[in-house]
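# I'd like to go over a predicted model; first the sequence, then the structure.
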Amino acid sequence: MDVQTELEIVLNKLQIRYGRGKELHVEWKPCTKKKSESLGKTMELRGEVNKENRMIYIYDRDYEEAVHTLVHEFFEYVFDLHLISPYVTLYNQMQKAMEQSFMENEYYNKEAIIEIFTELEIKKMKENKEVKKNEKPTKN
Ligand SMILES: [Zn+2]
């Protein structure tokens, strides 16, 4: 099975398990890594969600990295939509305060919190053998 199909299966499992983000689709675009600016640092963009067309784009070439990025982007989408939006003012105030207090400490940003959920999910998927060990990309 190719990576695109594997990613679709993982997304489907997440949608069923959490009952959210059912409107999302995933597209593997391994040749289009982009840069992003975050907190004044340039980072490699591994994936992103386009909220207009409900697409998750994954830029990682490596199968396991692509799965990781998909789980991360799924959680980020669900958090933004269902948890953060209703509390956006509070969240912004909190984030501002945290950024001022913990500028140097990456643990205290949203990305780091999402990563904790992502790692737990990947661990669970590996235990359930829902994701495979690494394989060579079959597209591009
Ligand atoms: Zn993120």
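Yep, it's here. Residues are numbered from 1 along each chain as shown.

# For the rest of this, base every contact and every neighbour count on C-alpha atoms.
Noted.

# what helix or strand does I113 sit in?
Using DSSP states H and E, I113 falls within helix 110-127.

# Sorry, wrong one. I was asking about H68.
Judged by DSSP H and E, H68 forms part of helix 63-78.

# Could you look up the SS state of K35?
strand (DSSP: H, G, I helix; E, B strand; the rest coil).

# ok, and the closest non-adjacent residue to it?
E44 (4.6 Å; C-alpha to C-alpha, 6 or more residues apart in numbering).

# Tell me if I'm right that the one you found and D60 touch.
No. Look at E44 against D60 with C-alpha atoms under 8 Å: they stay out of range, at 10.0 Å.

# More neighbours: which of the two?
Taking other C-alpha atoms under 10 Å, E44 and D60 do not tie; D60 has more neighbours (23 against 12).

# and the gap between that one and K110?
Going from D60 to K110 by C-alpha to C-alpha, to the nearest Å gives 21 Å.

# go on, E73?
12 Å.

# okay, those two: which has more neighbours?
Remark: of E73 and K110, E73 carries more neighbours, 22 against 12, as counted by other C-alpha under 10 Å.

# give the contact list for that one.
Neighbouring residues of E73 by C-alpha atoms under 8 Å, 6 or more residues apart in numbering: G47, E48, V49, I56.

# Report pLDDT for it.
E73 carries a pLDDT score of 95 in this model.

# residue contacts, the closest residue to H25 other than its chain neighbours?
Nearest-residue entry for H25: M55, 4.9 Å, with adjacent residues in sequence omitted and distances by C-alpha to C-alpha, 6+ apart. Each residue near M55 by C-alpha under 8 Å, 6+ apart is listed here: L24, H25, V26, E27, V49.
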